[in-house]
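*Asks:* Take a look and give me a structure for this.
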Amino acid sequence: MNQQLLELLPVLRRFSWSLTNSAHDADDLLQATVERLLSKGVPDDVGMEKWAFTVCRNLWIDDYRSRKVRKNAEWDPMLTDRLTTDGERDMHAQLDLARVNKAIEELPKDQHLVLSMVTVQGLSYQGVAETLEIPIGTVMSRLARARVRLAELLKPCSGESHTTDD
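*Replies:* Below you'll find the predicted structure:
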């Protein structure tokens with residue numbers, strides 16, 4: 001089990017980040033997930049990966065609910081530890097990333113979760129359906145609605161002016 005868990009850590013870390021949108025919160029969620037898996041074990045009738053995703057998701061939901069009560073903190077893109085040589089390009093990239101993350105956070109939780117599992121984790125629709133214990137049609141529907149909503153949220157405002165420096 002320990003070897004399986006070690007091999008699963010990078011995948012769980014990405015999944016944790018996709019849920020929390022914060023490196024620090026993702027690390028905390030990953031640690032809590034690993035602690036829970038080591039202390040409680042994995043049921044015999046469930047695969048390690050599926051169980052790990054389920055535990056991680058449930059811990060995130062618990063934390064999300066408690067943070068919501070305490071006023072959920074915003075993710076600060078300036079705290080990322082990237083080094084760049086082009087400050088202007090980096091600033092635009094961070095603003096774009098912040099805009100996308102804000103749009104994703106506005107999605108309903110069920111759509112956010114499915115979108116993260118498919119796009120960040122690269123899970124198949126069937127894998128998401130099995131992990132979340134929902135029909136594959138529900139996965140496809142939630143993903144389609146999430147994509148449409150993101151497109152709406154990320155559309156440039158009609159009042160924005162785009163100028164060029166000629």
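*Asks:* what helices or strands is the host helix or strand of residue 113 leaning on?
*Replies:* Assigned by DSSP states H and E, residue 113 belongs to helix 109-119. If you count contacts as 3 or more Cβ pairs under 8 Å, 6 or more residues apart in numbering; DSSP states H and E, helix 109-119 packs onto helix 2-20, helix 48-69, helix 87-105, helix 125-132, helix 136-154. All C-beta atoms are positioned from the backbone trio N, CA, C, and that covers glycine.
*Asks:* Residues touching the shortest one, excluding its own?
*Replies:* Judged by Cβ atoms under 8 Å, 6 or more residues apart in numbering, the contacts made with helix 125-132 from elsewhere in the structure are 50, 53-54, 57, 113-114, 117-118, 123, 135-136, 138-140, 143.
*Asks:* swap in the longest one?
*Replies:* For helix 48-69, contacts defined as Cβ under 8 Å, 6+ apart pick out 1, 4-5, 8, 11-12, 15-16, 19-20, 25, 29-30, 32-33, 36-37, 42-43, 46, 72-73, 109, 113, 117, 130-132.
*Asks:* at 7 Å instead, please
*Replies:* 4, 8, 12, 15-16, 19-20, 29, 32-33, 36-37, 42-43, 113, 130-131 (Cβ atoms under 7 Å, 6 or more residues apart in numbering).
*Asks:* If I take it and helix 2-20, what angle do their directions form?
*Replies:* For helix 48-69 against helix 2-20, the angle by axes from the mean of the first three to the mean of the last three Cα atoms, to 10 degrees is 30 degrees.
*Asks:* can you pull the buried residues of helix 48-69?
*Replies:* By 16 or more other Cβ atoms under 10 Å, the buried positions in helix 48-69 come out as 49, 51, 52, 53, 55, 56, 57, 59, 60, 63.
*Asks:* Over to the first one?
*Replies:* Neighbour counts over helix 2-20 (16+ other Cβ under 10 Å) mark 5, 8, 11, 12, 13, 14, 15, 16, 17, 18, 19, 20 as buried.
*Asks:* And the residues you listed, which is closest to residue 91?
*Replies:* Checking those against residue 91 with Cβ to Cβ, the nearest one is residue 17 at 21.9 Å.
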